[in-house]
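>>> Got a predicted structure plus its sequence, pasted below:
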There are 2 protein chains.
Amino acid sequence: MTNEMIYNPHVSVDCVVFGFDGSKLKVLLIERTINEQNELYNDKKLPGSIILTDEDLDDAASRVLTELTGLKNIYLSQFRSFGNPKRTDNPRDILWLENTTQLKIGRIVTVAYVALIKIDRKIQFKSEISQANWYDLNEVATMNLAFDHAEIIKKGLEYIRHSLDIEPYLLFELLPRKFTLSQLRSLYDTVHQTNSDVRNFQKKVALWAYVVALDEMEEGVPHRAARLYKFKRTPNP
Amino acid sequence: MTNEMIYNPHVSVDCVVFGFDGSKLKVLLIERTINEQNELYNDKKLPGSIILTDEDLDDAASRVLTELTGLKNIYLSQFRSFGNPKRTDNPRDILWLENTTQLKIGRIVTVAYVALIKIDRKIQFKSEISQANWYDLNEVATMNLAFDHAEIIKKGLEYIRHSLDIEPYLLFELLPRKFTLSQLRSLYDTVHQTNSDVRNFQKKVALWAYVVALDEMEEGVPHRAARLYKFKRTPNP
């Protein structure tokens, strides 16, 4: 190993923040505008940043979310690092990076985090430096995203699926405090890529001690009001 | 974010390789000798390396294992990156790094991988640049390891435990092709930090369709020969 063979990559963090609007799983993306020879080009990217000199990885991920969305105290799980040397091969990405960071950028290794949040959480969508929005995952699959962010979102979703096998409680991070069985089924099917039968799903949930029926119904809905449920943490899931 | 706030860390990979000798879980470590003002200091470290300029992370991890142990085609899972700015605070670690890499080293973000291998696999323990050895996990807990490698091993073991909940097959990566129930129980207990009763464990294994009893007994053992079993991949674990 000689000196000539090595130069330092930059290290960044990127956050995949999932939310659920009652029927669809969404991901939080930041608008990006690039001035290419005086033509403005728009696309989207994950909330992210180069890590600062004395910043640990988890701290960088929290800082990014707070700076770009105002979100604080979000539980972020680190799930994978991405370091393909070709992930910064697109000249458009390099141009944008150099304009926004004022740094000469070569290669970037990024450490990716995932978070599940209730979509009704107050988010500061517009800041001085950025504009954030929720996008349907289906829609995202057809978009041109910055860098390898499409791949990072895909791996983030796989990670969530695996995590739910171990810790089914996590699903409830995405639901409102009181939810209908239809919302729960829709979320379950989205995450697991299944298409549950309504009756079978009701039977399944009846076995989940941590889902409790309330003496309350939905209000102000155009369809027949459904029963509301809540999540209750139990000693043994 | 200004230019002054950022400098590039180095990026490395480290490999936590677990093996099982029939009674204890072991981890593969590399001997390290540091010349401190003409006093030789010895300790151990994980197999690892700074990533090369055009090298992807997975490729770097495979290269490290091959270079240091001769092991090829090992399935390595990336499980976590470690980037605490203080992880390279020990002057001894910096001295060793600068001597071995001929680079000026500041901060290093490392991407950690884990592998499970059969301990009877042929390993080239000694190479021109290194000496590798297996160490009991219990013993490792009392050692002074390089950098934050003790922490990385601990997190690697946690990752393996979680993975086994989803993919119990993984346990058999560590056992010889034919094994006794006592070996299986010992490994199971080590990984899960349990202390299974012999009879209860036999009942549990009887329910595992993927563990098959053979018409063969151990040979050449000083104690009463035990029945041998093998692992059989089944469609539904």
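Here it is on my side, so go on.
>>> Next secondary structure after the lowest-mean-pLDDT helix or strand in chain A?
The helix or strand of chain A with the lowest confidence, counting by mean pLDDT, DSSP states H and E, is helix A:91-101 at a mean of 88. Toward the C-terminus, helix A:91-101 is succeeded by strand A:108-116 as the next helix or strand (DSSP states H and E).
>>> Which residue, other than its chain neighbours, is closest to the residue most central in space within chain A?
Taking Cα atoms, centre = their mean as the criterion, A:Val17 is the residue nearest the geometric centre of chain A, at 2.1 Å. Among residues not flanking A:Val17 along the chain, A:Leu28 sits closest, at 4.1 Å (Cβ to Cβ, 6 or more residues apart in numbering or on different chains). Every residue, glycine included, has its C-beta placed from N, CA and C.
>>> Name the SS class of that neighbour, please.
With DSSP: H, G, I helix; E, B strand; the rest coil as the basis, the three-state label of A:Leu28 is strand.
>>> Just grab the bridge partners of it for me.
Counting by DSSP bridges, A:Leu28 forms beta bridges with A:Trp134.
>>> follow-up on the earlier one: so the residue nearest to the centre of chain A is in contact with A:Leu25, correct?
No. Because the distance of 11.3 Å does not satisfy Cβ atoms under 8 Å, A:Val17 is recorded as not touching A:Leu25.
>>> what residues does the lengthiest helix in chain A touch?
Secondary structure assigned by DSSP state H gives helix A:149-166 as the longest helix of chain A. Helix A:149-166 is contacted from outside by A:14, A:16, A:18, A:27, A:44-46, A:77, A:79-80, A:82, A:110, A:112, A:114, A:116, A:137, A:140-141, A:143, A:145, A:170-171, A:191-192, B:162, B:165-166, using Cβ atoms under 8 Å, 6 or more residues apart in numbering or on different chains.
>>> and what of stretch A:26-41?
Contacts to stretch A:26-41, defined as Cβ under 8 Å, 6+ apart, come from residues A:15-20, A:42-47, A:68-69, A:92, A:95-96, A:99, A:119, A:123, A:130-137, A:140, A:145-146, A:153.
>>> rerun that using 6 Å as the cut-off
For stretch A:26-41, the external contacting residues (Cβ atoms under 6 Å, 6 or more residues apart in numbering or on different chains) are A:17-19, A:42-45, A:47, A:68, A:92, A:96, A:130-132, A:134-136, A:140, A:146, A:153.
>>> Those residues, buried ones only, as a ChimeraX selection?
With 16 or more other Cβ atoms under 10 Å in any protein chain shown as the burial test, the buried ones among the contacts of stretch A:26-41 are selected in ChimeraX as follows:
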select /A:17,18,19,43,44,45,47,68,96,130,132,134,135,140,146,153
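>>> could you check the angle strand A:108-116 makes with the helix or strand where A:Tyr188 lies?
A:Tyr188 is part of helix A:181-192 when elements are defined by DSSP H and E. In terms of direction (axes from the mean of the first three to the mean of the last three Cα atoms, to 10 degrees), helix A:181-192 departs from strand A:108-116 by 160 degrees.
>>> touching chain B at all, helix A:181-192?
No. Helix A:181-192 is not in contact with chain B by Cβ under 6 Å from any Cβ of the partner chain; minimum separation 13.7 Å.
>>> just stretch A:228-237 next, same as before
No. With Cβ under 6 Å from any Cβ as the criterion, chain B is not reached by stretch A:228-237; the gap is at least 12.6 Å.
>>> Send me that stretch as PDB with only the CA atoms.
Presented in PDB, the C-alpha positions along stretch A:228-237 are these (Å, rounded to 0.1, in the frame of the first residue of the first chain):
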ATOM      1  CA  LEU A 228     -60.300   3.200  16.800                       C
ATOM      2  CA  TYR A 229     -57.500   1.200  18.300                       C
ATOM      3  CA  LYS A 230     -54.400   2.200  20.100                       C
ATOM      4  CA  PHE A 231     -51.000   0.600  20.700                       C
ATOM      5  CA  LYS A 232     -50.100  -0.600  24.100                       C
ATOM      6  CA  ARG A 233     -46.600  -1.700  25.000                       C
ATOM      7  CA  THR A 234     -46.800  -5.200  26.600                       C
ATOM      8  CA  PRO A 235     -44.100  -7.100  28.400                       C
ATOM      9  CA  ASN A 236     -44.100  -9.900  25.900                       C
ATOM     10  CA  PRO A 237     -45.000  -9.000  22.300                       C
END
